[in-house]
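**Q** Here is the input, now give the coordinates:
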Amino acid sequence: MPKIAKQLSDRAVAAIKAEGRHPVGGVPGLHIRVTDTGHRGWVLRVKVGEARRDMGLGPYPEVGLAEAREKAREIHASLRNGIVPATPTKQRMEALVQQPVRKTFKQCAEAFMGDKSGEWKNPKHRQQWENTLEQYAFPHMGSLSVDAIDLPHVLACLEPIWRSKTETATRVRGRIESVLDWAAVRKYRSGDNPARWKGHLDKVLPSPKKVAETEHHRALPIDGMPAFMADLRQRDGIAARALEFAVLTAARSGEVRGATWGEIDLEAKVWTVPKERMKMGKEHRVPLPDAAIKLLEAMPRMEGTDLVFPGTKGQPLSDMSLTAVMRRMEVDAVPHGFRSTFRDWAGDRTNYPRDMAEAALAHKLENKVEEAYRRSDALEKRREMMQEWSKFILTPTTN
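**A** Model prediction:
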C-alpha cells in the first residue's frame, strides 16, 4: 500500500499550481497532477499484482476533493476483493463528456469579463464591473454553482440597495443578467434568466424611475454664462483653456482632454473626434466657432506630445483638472453641466431644431426612424448655432 500523505484541505488543493504530481492525503496513492499547460486532474496510483498503475479520476475542479477521495476508496475496496477496476469504456467516457461542467457564478463572471473586456473603450469599465460584482453580487452567490442561481439569489443582491442606491442597483442587475446569459450560451446553465427585468423582476421590484430621481449634473443658469466666461478667460493654465474650449464646443470633458492636433483642421474650422473616443462609438465632427479657433491658435505646442491640452509630462489632464478650476472659481457646478446649459439655451432662447442641438451634443436620437433617415450630421447648420452660442456666452451683460 502506498504511504498516506498529509491530508490537505480544499483550500490547500485549490492553491496547488506547480507542475507535477502532488499527494493530497486521505487515501493512499491519491494525487493531483498539474500539467505544463496548467490543467489539473486526479490520479490514483495503485499496485495490481507486482505492477504499479495510475488511474485517472477526472479533472479538477469539476471533480472535487471529497469526490476524488470517495472514488479512490472504492477502487481500493475493489482491489481488496480481488477485482481489478477496468479502464473506463467508451460509453462511460462519452457520458462523462456529456455531463455538464459545473461553474460558480464568480468563475463565470471572471470569464465573461475576460471575453468582453476587449469591447470596452475604457479600462475603468472592467474595474467598475469587478467592483460592483465583488461588493454586491459575490457575497450572496459568488460561490454558488451558476446553474443553481434563481430569483431569491438575485433579489438578495438587489433588494438591500434598490431604493438607497438605485442607479448602482440597476447596473448590478444588468451585469448579473449578462453573466447568466453568457453562462447559458456556454451551457453552464439552462432555463430563464432570473435577473431579466421585463416580465420578471419588474413584477417584484418597483421601477427605478419611481424610487429615485435622476441626479442631474449641476449646471449654471443660462444668464450666468457671460459672467462665468469673463472670469474663466482671466484664469491662467492649460486646464482653464481646456474648460473654455469644452464650453465653446459643448463637448464632454474626456473628449476635450484627449483632443490631439491631428484631429483639428484649423483651416476648415472642424474638430473630428474619432469613434474610439466617443461615448456612442461614432465619429463626431464639431464645427469650431471663431472664439475656439483663436483659443487654439494661441495654444503652445508641447514637444513630445500631440495633445492639444497636455498635462504633466505630456500626459492627458486628469478628469479632476477641469473640476478643480471651477472649484477655485467657487462655482457650484460641474464641467459636464455646461452641456445641459447649452441644451437649455438652444431650446429656450433659439429656434434651432431639437435634433440639431442633440447632434451638437453627440446624443443618440430616441426616435429610431428619425435617426435612420438622418444621413447628414448637419455640420454647416450646426456651425451657425455654435457661432451664436459662443457670441452669447462671450458678450458681457449690461446692468
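**Q** C-alpha only now, for contacts and for neighbours.
**A** OK.
**Q** low pLDDT regions in the stretch 201-350 of the chain?
**A** Counting by pLDDT under 70, the ranges of the stretch 201-350 of the chain that qualify are 212-217.
**Q** ranges for the helices of it?
**A** Taking DSSP state H, counting those that start in this stretch as the test, the helices found in the stretch 201-350 of the chain are 208-211, 225-232, 238-249, 253-257, 290-298, 321-328, 337-349.
**Q** How about residues contacting the fifth one?
**A** Outside helix 290-298, the residues that touch it by C-alpha atoms under 8 Å, 6 or more residues apart in numbering are 241, 245, 248-249, 266, 269, 308, 387, 390.
**Q** Likewise for the longest one?
**A** Contacting residues not belonging to helix 337-349 are listed as 217-222, 247, 250-252, 352, 354, 357-358, 361, 389 [C-alpha under 8 Å, 6+ apart].
**Q** rerun that using 7 Å as the cut-off
**A** Residues outside helix 337-349 that contact it (C-alpha atoms under 7 Å, 6 or more residues apart in numbering) are 217-222, 247, 250, 352, 357.
**Q** one step back: closest one to Lys381 among the helices of the stretch 201-350 of the chain?
**A** Minimum separation from Lys381 across the helices of the stretch 201-350 of the chain (C-alpha to C-alpha) falls at helix 337-349, 13.2 Å.
**Q** so Gly41 sits in a helix?
**A** No. With DSSP: H, G, I helix; E, B strand; the rest coil as the criterion, Gly41 is located in strand rather than a helix.
**Q** Can you get me a residue count around Ala15?
**A** By other C-alpha atoms under 10 Å, 9 other residues sit near Ala15.
**Q** quick one: contacts for the most centrally placed residue in the chain?
**A** Against the mean C-alpha coordinate of the chain, by C-alpha atoms, centre = their mean, the closest residue is His125 at 3.0 Å. His125 makes no contacts at all, as judged by C-alpha under 7 Å, 6+ apart.
**Q** Buried ones in the one helix or strand it maps to, by neighbour count?
**A** In this assignment (DSSP states H and E), His125 forms part of helix 123-132. Residues of helix 123-132 classed as buried: 126, 129, 132 (neighbour count, 16 or more other C-alpha atoms under 10 Å).
**Q** ranges for the strands of the stretch 1-150 of the chain?
**A** Applying DSSP state E, counting those that start in this stretch to the stretch 1-150 of the chain gives strands spanning 20-23, 30-34, 40-48, 51-59.
**Q** Reformat the contacts of helix 290-298 as TSV; add distance to Phe112.
**A** Output for the contacts of helix 290-298, formatted as TSV (distance: C-alpha to C-alpha, whole Å):
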residue	distance to Phe112
Arg241	41
Phe245	39
Leu248	41
Thr249	38
Leu266	44
Lys269	43
Val308	37
Gln387	46
Ser390	46
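**Q** Just the buried ones out of these, please.
**A** Buried members of the contacts of helix 290-298, counted by 16+ other C-alpha under 10 Å: 241, 245, 248-249, 269, 308, 387, 390.
**Q** How about the contacts made by Ser164?
**A** Residues counted as contacts of Ser164 (C-alpha under 7 Å, 6+ apart): none.
**Q** what kind of secondary structure is it in?
**A** coil.
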